[in-house]
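A.B. asks: sequence isn't available, so here's the structure alone:
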């Protein structure tokens with residue numbers, strides 16, 4: 001600078017030099033801050049099923065940008081270094097069949113799942129929270145009991161975006177339920193659609209696929225899903241398949257007609273030309289426990305023929321569904337009002353009881369398969385009946401001096417709801433065998449809870465708090481059914497591949513930073529049938545899209561969850 005220059009020139013020149021200096025300093029600072037986070041020294045299970053190794057994972061923004069063995073990643077410029085020495089580092093777990101769609105509207109933290117390492121909730125079994133017409137929205141509001149919320153959306157895409165706008169800790173994704181187009185077009189009638197009606201139903205599925213649905217999912221033991229014939233399901237699955245979607249199903253029967261139901265699932269996959277996922281594979285009722293061998297054989301024969309047939313499970317020998325499932329499905333045709341009217345009619349009630357007691361393969365006789373002493377009542381809508389929470393159906397029947405069939409009918413009338421129940425009906429040996437199947441993934445088949453406030457007004461199945469931790473603690477560490485690296489593959493990469501998700505389910509460069517750090521020697525489930533609202537322990541840190549939602553075993557309050565969309569996503573609402 002010329003010292004004799006005019007003042008204005010000198011000032012402008014000094015400002016220019018200052019700007020250059022700040023730019024150089026900023027570049028140097030950027031170069032020094034290489035990563036937002038480096039997870040250092042943990043035992044890395046990358047989701048592939050390969051042997052683990054001790055190393056580091058580097059994160060920038062919402063992505064994993066580098067992985068390496070110990071000493072290969074320079075963490076000197078990282079904003080944060082998290083020491084994971086002695087801990088397992090894995091991709092976030094995928095809850096392949098979650099019922100968190102309602103509880104996330106009440107509390108988006110999803111603590112029962114986050115504390116087990118779940119970073120993606122996959123919803124939509126049978127009925128999804130969109131698309132909804134005005135009558136369906138009114139029914140959803142009218143049926144609310146402990147959980148209260150406004151139904152401020154109509155389409156499936158709007159629902160998922162609504163969750164994210166409210167704030168959720170895990171990522172969220174959904175199938176379109178096969179019941180949604182059926183209700184919109186046929187209501188609750190027990191009949192097949194006409195060709196024109198079926199075409200309308202297919203168009204509803206196609207629109208949901210464009211909004212990001214993962215595929216179409218049926219639940220065939222519950223009306224109106226029970227009323228859907230195989231050709232209808234093939235047509236809906238084929239519509240989803242046009243966009244790369246899959247067919248998922250709670251099969252028509254998991255008890256006396258289990259093998260026939262598997263045959264139907266394979267037929268739908270073959271005729272629709274899509275992969276199929278069997279929800280919560282089980283053999284319901286002691287007389288059906290021996291059928292696991294034939295079930296495995298049928299699935300593996302189909303896979304050998306080139307069909308992509310996979311399954312998921314929860315890690316308990318008990319199921320959970322409504323007490324209404326002990327009744328023949330035809331009783332619920334026409335909706336809740338018609339259902340209650342049939343139960344109150346003496347002649348119809350006598351017919352219902354007779355069908356409950358007569359062996360059949362036409363529907364799942366949950367009472368006969370389980371026994372009233374093994375049905376635990378866990379979720380009432382009526383405050384008057386809530387004192388019965390935790391009692392068995394047998395205990396209630398004995399106290400009232402009636403048969404279990406009559407007790408179930410009376411309770412359903414009085415509560416005017418499904419009455420959520422736990423059914424102890426499966427074999428622990430079969431659960432253990434299923435854990436080892438290479439095409440198996442895992443789920444909770446449950447809402448995502450926080451063990452406080454309104455959530456404590458009812459009980460639940462312990463799988464809500466423990467299904468994933470139980471896999472890692474009981475079946476991996478204690479019983480050594482499968483090695484930890486295989487369990488991680490089935491918790492993360494396997495379901496991501498099943499769903500066709502991009503950049504999820506593995507620890508790899510370019511993948512989203514959904515990461516779990518846990519103590520493999522300590523991870524344990526604590527929920528029981530008697531005391532289900534108990535968090536699992538041993539998962540120490542969880543990151544969703546690079547943001548920490550669990551730190552030292554405690555929720556941070558962060559809600560970085562996003563919508564994870566299927567392959568048909570077109571950017572439409």
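C.D. replies: Received, thanks. Since the structure is predicted, the reported quantities are computational estimates derived from the model, not experimental observations. Numbering: from 1, shown residues only.
A.B. asks: who are the contact partners of the closest residue to residue 223 other than its chain neighbours?
C.D. replies: In space, and not counting its chain neighbours, residue 223 is closest to residue 332: 4.1 Å by C-beta to C-beta, 6 or more residues apart in numbering. C-betas here are computed from N, CA, C, even on glycine. Shown in contact with residue 332 (C-beta atoms under 8 Å, 6 or more residues apart in numbering): 188, 222-223, 324, 338-339.
A.B. asks: would you list the buried entries among the residues you listed?
C.D. replies: When neighbours are counted using 16 or more other C-beta atoms under 10 Å, the contacts of residue 332 contain these buried positions: 188, 222-223, 324, 339.
A.B. asks: ok, which pair from the contacts of residue 332 is furthest apart?
C.D. replies: The largest distance within the contacts of residue 332, taken as C-beta to C-beta, falls between 222 and 338 and amounts to 14.9 Å.
A.B. asks: what separates residue 494 from residue 185, distance-wise?
C.D. replies: Going from residue 494 to residue 185 by C-beta to C-beta, to the nearest Å gives 35 Å.
A.B. asks: counting neighbours, go ahead and name the busier of those two.
C.D. replies: Neighbours were counted for residue 494 and for residue 185 using other C-beta atoms under 10 Å; residue 494 has more, 24 against 19.
A.B. asks: so the more buried one, which of the three states?
C.D. replies: helix (DSSP: H, G, I helix; E, B strand; the rest coil).
A.B. asks: which one is residue 201 nearest to, not counting chain neighbours?
C.D. replies: In space, residue 201 is closest to residue 181, 3.8 Å off (C-beta to C-beta, 6+ apart).
A.B. asks: before we move on, the earlier item: of the contacts of residue 332, which is the nearest to residue 447?
C.D. replies: Distances from residue 447 to the contacts of residue 332, taken by C-beta to C-beta, are shortest for residue 222, at 16.8 Å.
A.B. asks: quick one: the closest one is in a helix?
C.D. replies: No: using three-state DSSP, the assignment for residue 222 is coil, not a helix.
A.B. asks: skip the chain neighbours and tell me the closest residue to it.
C.D. replies: Nearest one to residue 222, counting by C-beta to C-beta, 6+ apart, is residue 126 at 6.2 Å.
A.B. asks: Provide a list of residues in contact with that neighbour.
C.D. replies: 177-179, 217-220, 222, 225, 250.
A.B. asks: among those, which are located in strands?
C.D. replies: Of the contacts of residue 126, the ones assigned to strands by DSSP state E are 177, 217-219, 250.
A.B. asks: tell me which of the buried ones among the contacts of residue 332 is nearest to residue 446?
C.D. replies: Checking these one by one against residue 446 (C-beta to C-beta), the nearest turns out to be residue 222, at 16.3 Å.
A.B. asks: touching, the closest one and residue 331? I think so.
C.D. replies: No: assessed by C-beta atoms under 8 Å, residue 222 is found out of contact with residue 331, at 11.6 Å.
A.B. asks: helix, strand or coil: sort out residue 376 for me.
C.D. replies: strand.
A.B. asks: from residue 89, how far out is residue 452?
C.D. replies: Distance from residue 452 to residue 89, by C-beta to C-beta: 30 Å.
A.B. asks: neighbour-wise, which of these two wins?
C.D. replies: Using other C-beta under 10 Å as the criterion, residue 452 and residue 89 rank with residue 89 on top: 27 against 10.
A.B. asks: show residues contacting stretch 390-405.
C.D. replies: 323, 326, 352-353, 356-357, 367, 371-378, 388, 406-408, 410-411, 421, 459, 530.
A.B. asks: again with stretch 475-486
C.D. replies: Outside stretch 475-486, the residues touching it (C-beta under 8 Å, 6+ apart) are 45, 49-52, 88, 315, 432, 435-436, 472, 487, 490, 520-521, 523.
A.B. asks: domains in the protein, by residue range?
C.D. replies: 91-317+426-555, 322-423 (automatic domain parsing).
A.B. asks: closest to residue 61 out of those domains?
C.D. replies: The nearest among the domains of the chain, by C-beta to C-beta, is domain 91-317+426-555 at 5.8 Å.
A.B. asks: in a helix, residue 310, correct?
C.D. replies: No: Residue 310: not assigned to a helix; according to three-state DSSP it is strand.
A.B. asks: the residue nearest to residue 201 contacts residue 207, correct?
C.D. replies: No: in this structure residue 181 lies outside contact range of residue 207 using C-beta under 8 Å: 9.6 Å.
A.B. asks: ok, the two, which is more surrounded?
C.D. replies: In this view residue 181 and residue 207 are compared by other C-beta under 10 Å, and residue 181 has more residues nearby, 26 against 21.
A.B. asks: helix/strand/coil for the more buried one?
C.D. replies: helix.
A.B. asks: would you check how far apart it and residue 197 are?
C.D. replies: 9 Å.
A.B. asks: the stretch 451-573 of the chain: strands as residue ranges?
C.D. replies: 515-518, 539-544, 547-551, 554-555 (DSSP state E, counting those that start in this stretch).
A.B. asks: which one of the contacts of stretch 475-486 is nearest residue 115?
C.D. replies: residue 523 (10.4 Å).
A.B. asks: now stretch 378-392: buried residues?
C.D. replies: Quick answer for stretch 378-392 (16+ other C-beta under 10 Å): 378-381, 385, 388, 390, 392.
A.B. asks: low-confidence ranges, the chain, go.
C.D. replies: Per-residue confidence for the chain (pLDDT under 70) gives these ranges: 1-33, 572-573.
A.B. asks: at 90 what do you get?
C.D. replies: For the chain, the stretches with pLDDT under 90 are 1-33, 70-71, 145, 334-335, 358-360, 570-573.
A.B. asks: center of it, which residue is that?
C.D. replies: Centroid-nearest residue in the chain: residue 98, 2.2 Å away (criterion: C-alpha atoms, centre = their mean).
A.B. asks: with the flanking residues excluded, which residue is spatially nearest to residue 537?
C.D. replies: residue 524 (5.6 Å).
A.B. asks: and if you look at residue 213?
C.D. replies: residue 176 (4.4 Å).
A.B. asks: the one you found: how many residues sit nearby?
C.D. replies: 32.
A.B. asks: quick one, what contacts it?
C.D. replies: 124, 128, 130-131, 156, 204-205, 208-209, 213, 215-217, 240.
A.B. asks: how about these in TSV, adding neighbour count?
C.D. replies: What follows is the contacts of residue 176, written out as TSV (neighbours: other C-beta atoms under 10 Å):
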residue	neighbour count
124	28
128	24
130	25
131	25
156	28
204	20
205	29
208	32
209	28
213	32
215	32
216	34
217	33
240	29
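A.B. asks: residue boundaries of the helices in the stretch 101-250 of the chain?
C.D. replies: Applying DSSP state H, counting those that start in this stretch to the stretch 101-250 of the chain gives helices spanning 103-106, 111-114, 134-142, 156-166, 179-186, 195-210, 230-241.
A.B. asks: so which of these is the most packed in?
C.D. replies: helix 111-114 (a mean of 27; mean count of other C-beta atoms under 10 Å).
A.B. asks: my guess is the residue nearest to the centre of the chain is in a helix, correct?
C.D. replies: No: with three-state DSSP as the criterion, residue 98 is assigned coil and is not in a helix.
A.B. asks: so it sits right up against residue 442, yeah?
C.D. replies: No: in this structure, residue 98 is not within contact of residue 442 by C-beta under 8 Å, at 11.1 Å.
A.B. asks: the residue nearest to residue 471 when sequence neighbours are not counted: what secondary structure?
C.D. replies: Spatial nearest neighbour of residue 471, chain neighbours left out: residue 315 (5.1 Å); criterion: C-beta to C-beta, 6+ apart. Using three-state DSSP, the structure places residue 315 in coil.
A.B. asks: quick one: residues contacting residue 315.
C.D. replies: 431, 435, 442, 463, 466-468, 470-471, 474-475.
A.B. asks: show me those that map onto helices.
C.D. replies: 431, 435, 463, 466-468, 470 (DSSP state H).
A.B. asks: and stretch 545-558, end to end?
C.D. replies: End-to-end distance for stretch 545-558, by C-alpha to C-alpha, to the nearest Å: 11 Å.
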